[in-house]
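Q: got a predicted structure here, sequence first:
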Amino acid sequence: VQLQASGGGLVQPGGSLRLSCAADGRILAINTMGWYRQAPGRQRELVATITSQGTTNYVDSVKGRFTISRDNASKRVTLQMNSLEPKDTAVYYCNADLYSVASNWRNYWGQGTQVTVSS
């Protein structure tokens with residue numbers, strides 16, 4: 001059981017990126033999924049979460065610019081990031097509460113994906 005993230009890269013200020021994260025393995029249920037980020041010299045912070053019912057939560061600094069969504073059938077969570085700013089530069093991590101045969105409920109982290117916003 002693991003989370004596989006993709007979609008980071010280098011983008012100019014004002015540009016857009018789309019991050020995707022898929023849960024892989026013998027997963028029987030998924031609860032809350034989300035994205036976190038960690039900039040150099042800073043603590044990891046929550047960016048956005050989405051519950052299994054679709055309720056979303058965002059950190060104030062990304063409200064109106066980022067949109068989190070999920071596809072329960074494909075066990076995937078996506079973060080659409082628009083109007084990117086240099087302060088959004090960070091390593092982004094997906095996170096999810098997964099229920100599997102092997103581990104019951106457990107919180108998982110995906111590998112980080114670098115997002116760099118620079119001209």
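A: Okay, I see it. This structure is a prediction, so every number in the text was calculated from the model and none was measured.
Q: quick one: the strands in this protein?
A: Taking DSSP state E, the strands of the chain run over residues 2-6, 9-11, 17-24, 27-38, 45-50, 56-58, 66-71, 76-81, 90-100, 104-109, 113-117.
Q: tell me what the fifth one is packed against?
A: When contacts are defined as 3 or more Cβ pairs under 8 Å, 6 or more residues apart in numbering; DSSP states H and E, strand 45-50 packs onto strand 27-38, strand 56-58, strand 66-71, strand 76-81. Quick note: C-beta positions are derived from backbone N, CA and C, even for glycine.
Q: how about residues contacting stretch 50-62?
A: Under the criterion Cβ atoms under 8 Å, 6 or more residues apart in numbering, residues 29-34, 45-49, 66, 68-70, 72, 77, 81, 87-88 lie in contact with stretch 50-62.
Q: ok so, going back, just send the helices and strands packed on strand 45-50 back as CSV, with distance to Val101 and mean neighbour count too.
A: Listed next are these as CSV, based on distance: least, Cβ to Cβ, whole Å; neighbours: other Cβ atoms under 10 Å:
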stretch, distance to Val101, mean neighbour count
strand 27-38, 7, 18
strand 56-58, 29, 15
strand 66-71, 22, 18
strand 76-81, 20, 22
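Q: would you reformat the strands of the chain as JSON lines and include mean pLDDT?
A: Output for the strands of the chain, formatted as JSON lines (pLDDT from 0 to 100):
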{"stretch": "strand 2-6", "mean pLDDT": "94"}
{"stretch": "strand 9-11", "mean pLDDT": "97"}
{"stretch": "strand 17-24", "mean pLDDT": "96"}
{"stretch": "strand 27-38", "mean pLDDT": "96"}
{"stretch": "strand 45-50", "mean pLDDT": "98"}
{"stretch": "strand 56-58", "mean pLDDT": "98"}
{"stretch": "strand 66-71", "mean pLDDT": "98"}
{"stretch": "strand 76-81", "mean pLDDT": "98"}
{"stretch": "strand 90-100", "mean pLDDT": "96"}
{"stretch": "strand 104-109", "mean pLDDT": "94"}
{"stretch": "strand 113-117", "mean pLDDT": "97"}
